[in-house]
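S.K.: Structure for this input, please:
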Amino acid sequence: MKKLLVITVFLVATSAFLFGATYRIGLSLSTLNNPFFVTLRDGALQAAAGLGVEVIVADGRDNPAKQLGDIEDFVQQKLDLIVINPTDSDAIVTAVEEANKAGIPVITVDRGANGGMVIAHIASDNVAGGMMAGEYVAMLLDGKGNVVELEGIVGTSAARDRGEGFGAAISKYPDIKIVAKQVANFNRAEGLVVMENILQANPNIDAVFAHNDEMALGAIEAIKAAGLLDKIKVVGFDAVDDAVAAVNAGEMAATVAQQPFVMGQLAVVKAFEYLTTGTIYIPVDLQLVTLK
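M.R.: Prediction:
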C-alpha cells in the first residue's frame, strides 16, 4: 500500500507541475474528538503538503446540522472539491446535493453517503471487518457464550456494515447469543455508561464487540469496575493507539485495524487526480504469466 501511494502521489504531482494548478479542498470530518479521525486528518494534510494544495478542515462535532453548515460554508467559498466523512449517511445527503448543484465534486471517506452524486468513496471493507471480529469472538468463546454488541451512531454506514458483518459471522454459531445490542454512538463515555447498565441487568456476559475502539475502551472501564476483566473478552475496531496499548496490556482481546492515515492521504490524492485530470486512477495489480 505504501509503495502504491508513493507512485500515485508522484504521478499526480507530475500532473500538478504540468498543469500549474493549485486547488482548495474542503475536508469535513464527523468529529475530531476521536483519535481515528485526527489521524485521518493528519494523513490528508500530509498529502496536501506534498501536492501543494490547500486543505480546509471542518469539525462536525458528531452533529449533522453542524456538518451541513460546514459544507454550506465550503460551497459559499467555492472550493474546488469537498471530502466528507459523514456524521450520518442519511442526513449528509442534503449537503452532498448542495455541492452537486454548485458543481463541486464530492468524495466520501470512511463512511458513505446514502444519496447525492459522489465521485469516489474511500474506506475499509467494514462488513469484512465485522465478520473478522465475529469469527474471532466465536473462537475466543469456543462457539458458545453470551455476547454484547455496542453499536455506533445510528445512520452511519460504518455502524451498519460492521454490525452486518458481525451478525453474519455470529449467526453461524447457534450457541452464541447476542444478549444485548445497544447504541453508544462511537463514544467512550457512552460506552462506559451503556456497559455499566448492561452489566447491572445481566452480569453473565462472556464477550463484547464494539463498533469502534472508543466504545470498547469505555466498556473496559465498566468491566474493570465490576471486577470482570478476567472473564469478559472485548473486541474493538479501528486499532487506535489506546486500543493497541490495551491489547498489549491484556485488557482488550483484539481490535480490527484500519489505516486512517492512508485513508486521509488517498482522499486528497484522489481529489487532486480528479481536479487535474478529470479522472480517478484505480490501479489493478499486474501478474507475470510464464511457462509452468
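
S.K.: ok, and what's touching whatever helix or strand residue 73 lives in?
M.R.: Per DSSP states H and E: residue 73 is located in helix 64-76. With contact meaning Cβ atoms under 8 Å, 6 or more residues apart in numbering, helix 64-76 is reached by 26, 28, 30, 56, 58-60, 82, 84, 86-88, 91-92, 94-95, 98-99, 102, 104. (C-beta placed from N, C-alpha, C; glycine too.)

S.K.: Can you select the buried ones among those residues for me in PyMOL?
M.R.: PyMOL command restricting those to the buried ones, with burial defined by 16 or more other Cβ atoms under 10 Å:
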select buried, resi 26+28+30+56+58+59+60+82+84+86+87+88+91+92+95+98+99+104
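
S.K.: List the buried residues in the helix holding residue 73.
M.R.: Buried residues in helix 64-76 (16+ other Cβ under 10 Å): 64, 66, 67, 68, 70, 71, 74, 75.

S.K.: C-alpha coordinates for it, CSV please?
M.R.: The C-alpha trace of helix 64-76 is given here as CSV (Å, rounded to 0.1, in the frame of the first residue of the first chain):
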residue,chain,number,x,y,z
PRO,A,64,-25.4,16.5,11.4
ALA,A,65,-26.7,20.1,11.5
LYS,A,66,-23.2,21.5,12.3
GLN,A,67,-21.7,19.4,9.4
LEU,A,68,-24.3,20.6,7.0
GLY,A,69,-23.4,24.2,7.9
ASP,A,70,-19.7,23.5,7.4
ILE,A,71,-20.4,22.1,3.9
GLU,A,72,-22.6,25.0,3.1
ASP,A,73,-19.7,27.3,4.0
PHE,A,74,-17.4,25.3,1.8
VAL,A,75,-19.9,25.8,-1.1
GLN,A,76,-20.1,29.5,-0.4
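
S.K.: Can you read off the pLDDT for the residue nearest to residue 155 when sequence neighbours are not counted?
M.R.: Spatial nearest neighbour of residue 155, excluding adjacent residues (Cβ to Cβ, 6 or more residues apart in numbering): residue 88 at 4.1 Å. pLDDT, residue 88: 93.
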